[in-house]
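Trainee: quick one: sequence plus predicted model below, questions after.
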Amino acid sequence: MISISKLLNEGNLDKIFHLDGILIVDDEKRNQKDILSDVRALPAITVVRNVEMEQDPTSRYFRSKLEIKIDPYPYVKQDKFNSETTLKVITDSIRKIPGVIGFKEQGTPYSTED
């Protein structure tokens, strides 16, 4: 007999989760290109689209919108997938990357079929 949580997790294998957010980096501490590379290297992240935003010329911080696609497979494989907690782990991991000042989710994360 298959457990309900395992069945739900297997159902998520065919889904891709989408997460949009505003990334704020200190370009003087670390190059944005390197920071984006670190974001792309996080487990489950498959695509990161960086959309430049209007900048405040008096600020040393650089803001951009990230459109992120997440494949839950690495978490499902370890039986650790829960859409809410997994997305929180990913957003917290982005915030911990050196040079990141902040990352704020924009809109509601959603999923689509693969």
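Mentor: Arrived safely.

Trainee: remind me, longest helix of the chain?
Mentor: Scanning the chain for the longest helix, with DSSP state H as the assignment, gives helix 83-95.

Trainee: list the contacts of it.
Mentor: When contacts are defined by C-beta atoms under 8 Å, 6 or more residues apart in numbering, helix 83-95 is touched by residues 12, 17, 19, 21, 23, 39, 42, 44-45, 68, 70, 72, 75, 80, 100, 102-103, 105, 109, 111. Placement of C-beta: from N, CA and C, glycine included.

Trainee: if you set the cut-off to 7 Å instead, what comes out?
Mentor: 17, 19, 39, 42, 44-45, 70, 72, 75, 100, 102-103, 105, 109 (C-beta atoms under 7 Å, 6 or more residues apart in numbering).

Trainee: residue boundaries of the helices in this structure?
Mentor: Listed in chain order, the helices of the chain (DSSP H) span 4-11, 32-40, 73-77, 83-95.

Trainee: so which of these is nearest residue 57?
Mentor: Across those, residue 57 has its closest neighbour in helix 32-40 (16.5 Å, C-beta to C-beta).

Trainee: and that closest one, what's buried?
Mentor: 32, 35-36, 38-39 (16 or more other C-beta atoms under 10 Å).

Trainee: who does that helix touch, helix- and strand-wise?
Mentor: strand 45-52 (3 or more C-beta pairs under 7 Å, 6 or more residues apart in numbering; DSSP states H and E).

Trainee: adjacent strands (with direction) for the strand it packs on?
Mentor: Looking at strand 45-52 with DSSP bridges, its partner strands are strand 61-70 (antiparallel).

Trainee: avg pLDDT for the strand it pairs with?
Mentor: For strand 61-70, mean pLDDT rounds to 94.

Trainee: for stretch 24-43, same thing?
Mentor: On average, the pLDDT along stretch 24-43 is 92.

Trainee: can you list contacts of it?
Mentor: Stretch 24-43 is contacted from outside by 45, 48, 50, 60-63, 74, 90, 93-94, 97-102, using C-beta under 7 Å, 6+ apart.
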